[in-house]
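Student: One predicted model, sequence on top.
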Amino acid sequence: MPLDSKRFLAKHIDALPPSGIRKFFAIAAQMPDAISLGVGEPDFITPWHIRERAITAIEKGKTSYTDNRGLGTLRHAIADYVGTHFCLEYNPDSEILVTAGVSEALDLALRALINPGDKVLYHQPCYVSYYPGIAMAHGVPVPVPTRARDQFMLTVDALRSAWEPGCKVLMLNFPTNPTGAVASSEQLKAIAAFAQEKDLFILSDEIYAEMTFEGEHVSIASLPGMAERTLFLHGFSKAFAMTGFRVGYACGPSWLVHTMTKIHAYSLLCAPIISQEAAVEALLNGAESVAQMREDYERRRDFFVRRLVEMGLHCHNPQATFYAFPDIRHLGLSDEAFSLRLLEQEHVAIVPGSAFGADGQGFLRCSFSTSYENLIQATDRMDRFVQSLAKT
Ligand code: PLP
């Protein structure tokens, strides 16, 4: 009798759906002339001075484990950086943990906070890992819809209708992947008041903060009374184009950072030392590169969104990130069908909005993290495709 894998696999993991993003990349990979607007990572290579610091670390033989919490120099640099850029104050000894990306920090936070059956609110459409992350921690995901008419901002009305007894954590991601939504300090104040009223703990993933084009990014952790009930999550992947280094950090109350460090010490031990060395350089000397990349993303955003609107797609202007999230509900085909046919007919890879949760249905996520030349070609092809739909 063949071995019954179902008997061995953990049920809550086996039940998770595969990511809706990867299948389009697999098809695109077979097409030599395909243009991908699908990836969620910078197309820039990590700035040279940061790579050089990693090379020097290897040359100097820095190949050991580090303190579980991360290098002291890095934790101090993080404390200074978040103080300057986010008006946040954390003790590098007890309130900062260096992780293998925001991904690990999210996983640690959810595992540290969730007892089986605890409910976690999160706004949708959202980053593909939120729902699985909650489920893997034995939590119950409670999605809160956000709407195009509100620029995908999370409203307190929507929060109030989704809230149910047993909700313990609220996950926030401003600026938002996949919609590019940003939150003003007024909007954050209203969310903060709701969190205080319902005694919710906040996980605030601010990984796209540096890619804010209009206005100032504000962290909910900086609002009065919020530092004690917020974990601030940030990293190097997007702002410094360091996805492959796998380094990020979490800052928050010492009781939570301590408990997360316990899980991190038993499961990962520490983030890679070479990446931590590079991260110190990024924080100390990376501001100019970040500003240049942001300028470039903004120029691409302006062009890309203008072209989407010209071809007849409704698209709010993303005020941050490198994602546009056009609405195709008026075209009479699903976001899945649109994405698949666009790929087959015109060899342009995008991601259907429904990959980011049910509230993304009828939308597309297009990443403009690719060259201006690619964007010109991709939008010409998309335009041709949209016009061909109008004729059928
Ligand atoms: N959070 C959001 C909202 C993201 O979009 C991503 C990556 O796309 C991550 C976290 C993961 O970041 P990291 O590379 O630091 O693990």
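Tutor: The structure has been received and is ready for your questions. As the structure is a prediction and not an experimental result, all values here were calculated from the model.

Student: that's a helix at residue 79, yeah?
Tutor: Yes: counting by DSSP: H, G, I helix; E, B strand; the rest coil, residue 79 is located in a helix.

Student: From residue 271, how far out is it?
Tutor: Applying Cβ to Cβ, to the nearest Å, the value for residue 79 to residue 271 is 17 Å. (Glycine included, C-beta is placed from N, CA and C.)

Student: So those two - more neighbours on which side?
Tutor: residue 271 (27 against 19; other Cβ atoms under 10 Å).

Student: so who does the more buried one touch?
Tutor: 66, 70, 98, 99, 100, 104, 246, 247 (Cβ atoms under 8 Å, 6 or more residues apart in numbering).

Student: Next, format those as a markdown table and append neighbour count and secondary structure.
Tutor: Shown next, in a markdown table, are the contacts of residue 271 (neighbours: other Cβ atoms under 10 Å; DSSP: H, G, I helix; E, B strand; the rest coil):
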| residue | neighbour count | secondary structure |
| --- | --- | --- |
| 66 | 19 | coil |
| 70 | 24 | coil |
| 98 | 27 | strand |
| 99 | 27 | strand |
| 100 | 20 | coil |
| 104 | 24 | helix |
| 246 | 17 | coil |
| 247 | 28 | coil |
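
Student: Tell me the residues on the stretch 101-250 of the chain that lie near the ligand, please.
Tutor: Contact residues, the stretch 101-250 of the chain versus the ligand (Cβ under 6 Å from any ligand atom): 101, 102, 103, 127, 173, 177, 205, 207, 235, 237, 243, 248.

Student: Could you dump these into TSV and include distance to residue 289 and secondary structure?
Tutor: Shown next, in TSV, are these (distance: Cβ to Cβ, whole Å; DSSP: H, G, I helix; E, B strand; the rest coil):
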residue	distance to residue 289	secondary structure
101	19	helix
102	20	helix
103	23	helix
127	24	coil
173	24	coil
177	21	coil
205	22	strand
207	17	coil
235	16	strand
237	14	coil
243	15	helix
248	18	strand
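
Student: Of the residues you listed, which pair is most distant in space?
Tutor: Greatest spacing in these, by Cβ to Cβ: 173 and 243 (16.9 Å).

Student: Between these two, which has more neighbouring residues?
Tutor: For residue 173 and residue 243, the more surrounded residue by other Cβ under 10 Å is residue 173, and the numbers stand at 26 against 17.

Student: quick one: contacts for the residue in the stretch 251-392 of the chain positioned nearest to the ligand?
Tutor: Per Cβ to the nearest ligand atom, residue 321 is where the stretch 251-392 of the chain lies closest to the ligand, at 8.2 Å. By Cβ under 8 Å, 6+ apart, the contact list for residue 321 reads 175, 176, 177, 180, 208, 211.

Student: Cross-check the contact I'm expecting between the last one and residue 240.
Tutor: Which is residue 211. No: using Cβ atoms under 8 Å, residue 211 is not in contact with residue 240, being 11.2 Å away.

Student: distance of the residue of the stretch 1-150 of the chain found nearest the ligand from residue 282?
Tutor: Closest residue of the stretch 1-150 of the chain to the ligand, Cβ to the nearest ligand atom: residue 101 (2.6 Å). Relative to residue 282, residue 101 is positioned 14 Å away (Cβ to Cβ).

Student: more crowded one of the two?
Tutor: More neighbours surround residue 282 than the other of residue 101 and residue 282, with 28 against 22 (other Cβ under 10 Å).

Student: On the three-state scheme, the residue nearest to the more buried one when sequence neighbours are not counted is what?
Tutor: The spatially closest residue to residue 282, leaving aside those adjacent along the chain, is residue 240, at 4.4 Å (Cβ to Cβ, 6 or more residues apart in numbering). The local conformation at residue 240, judged by three-state DSSP, is coil.

Student: list the contacts for residue 240?
Tutor: 46, 47, 50, 282, 286, 289, 290.

Student: Near the residue nearest to residue 369 when sequence neighbours are not counted, how many other residues are there?
Tutor: Spatial nearest neighbour of residue 369, excluding adjacent residues (Cβ to Cβ, 6+ apart): residue 322 at 4.2 Å. Neighbours of residue 322 under the rule other Cβ under 10 Å: 29.

Student: Same check on residue 359?
Tutor: Neighbours around residue 359, by other Cβ under 10 Å: 21.

Student: so who does it touch?
Tutor: Residue 359 makes contact with 124, 125, 143, 145, 146, 147 under the criterion Cβ under 8 Å, 6+ apart.

Student: what do you get if the cut-off is 6 Å, keeping everything else the same?
Tutor: With contact taken as Cβ atoms under 6 Å, 6 or more residues apart in numbering, residue 359 is in contact with 124, 125, 145.

Student: what's the answer for residue 313, then?
Tutor: Residue 313 touches residue 326, counting by Cβ under 6 Å, 6+ apart.

Student: how about it, phi and psi?
Tutor: Dihedral pair for residue 313: phi -100, psi 140, per degrees, to the nearest 10.

Student: Quick one: residues in contact with stretch 121-140.
Tutor: Applying Cβ under 6 Å, 6+ apart, the external contacts of stretch 121-140 come out as 12, 16, 19, 106-107, 110-111, 114, 116, 118-120, 141-146, 154, 167, 170-171, 177-178, 356-357, 359-360.

Student: do the helix or strand of the chain with the lowest mean pLDDT and the ligand meet at all?
Tutor: Least confident element among the helices and strands of the chain, by mean pLDDT, DSSP states H and E: helix 22-29 (a mean of 78). No: shown here: helix 22-29 not in contact with the ligand (Cβ under 6 Å from any ligand atom), separated by at least 13.2 Å.
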